[in-house]
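**Q** Just a sequence and a predicted model for now, questions to come.
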Amino acid sequence: MIGICFQIRDGVLPYDPIAARAMGKPSDSDVRNRRPTLPVPIAHRRADPESRAALRRALLDETEPELALCRIRVVLERTGALDTAHAMADDHARRARELLTRLPATARALALLTRPTH
């Protein structure tokens, strides 16, 4: 579950340029490599037909990754997909912490339980 949380958070990074720079990940890497991360299908499912078409164009037709990223960000914000992805990551982190409490009380288990979730 903690791995899923990590993947979700990693998938949100490109859409938050400040966080992406801080983590050392180029903000347009997933778009450039045509790898839609979790917020994109969430947005696609929630979007109106025009926004769905904009997502498809940005991911499949746009040749400038930064422009594609900007267009995708607009749809993600409009549909609340980033908030949903963050909530999903938080839920996986919470569930992982709950499972960790069942482990024997060792220094390693305690270290995992006291790590920040973000």
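**A** Looks like it came in fine.
**Q** alpha carbons only for contacts and neighbour counts from here, please
**A** Will do.
**Q** pLDDT of the lengthiest helix in the chain, averaged?
**A** The longest helix of the chain (DSSP state H) is helix 81-100. Mean pLDDT, helix 81-100: 91.
**Q** Okay, buried residues for it please.
**A** Within helix 81-100, the residues that count as buried by 16 or more other CA atoms under 10 Å are 81-82, 84-86, 88-90, 92-94, 96-97.
**Q** nearest to Q7, of the residues you listed?
**A** Nearest to Q7 among these: A89, at 8.4 Å, using CA to CA.
**Q** is it true that L60 touches P36?
**A** No: counting by CA atoms under 8 Å, L60 stays clear of P36, with 10.5 Å between them.
**Q** Who has more neighbours out of these two?
**A** P36 (15 against 12; other CA atoms under 10 Å).
**Q** Check the secondary structure at the more buried one for me.
**A** When classified by DSSP: H, G, I helix; E, B strand; the rest coil, P36 comes out as coil.
**Q** roughly how far apart are it and L59?
**A** 8 Å (CA to CA, to the nearest Å).
**Q** how far does stretch 38-53 stretch from start to finish?
**A** Using CA to CA, the two ends of stretch 38-53 sit 18 Å apart.
**Q** Average pLDDT for that stretch, rounded please.
**A** Per-residue scores along stretch 38-53 average to 97.
**Q** roughly how far is that stretch from the heart of the chain?
**A** 15 Å (CA atoms, centre = their mean, to the nearest Å).
**Q** Ignoring the adjacent residues along the chain, who's closest to A89?
**A** Leaving aside its sequence neighbours, A89 sits nearest to C5 (CA to CA, 6 or more residues apart in numbering; 4.5 Å).
**Q** Helices of the chain, start to end?
**A** So, for the chain - with DSSP H - the helices run 2-12, 17-23, 29-32, 39-46, 49-56, 65-79, 81-100, 107-114.
**Q** packing partners for the third one?
**A** Contacts of helix 29-32 with other secondary structure elements, assessed using 3 or more CA pairs under 8 Å, 6 or more residues apart in numbering; DSSP states H and E, are made with helix 65-79.
**Q** So which elements touch the helix it packs on?
**A** Against helix 65-79 (3+ CA pairs under 8 Å, 6+ apart) you get helix 29-32, helix 39-46, helix 49-56.
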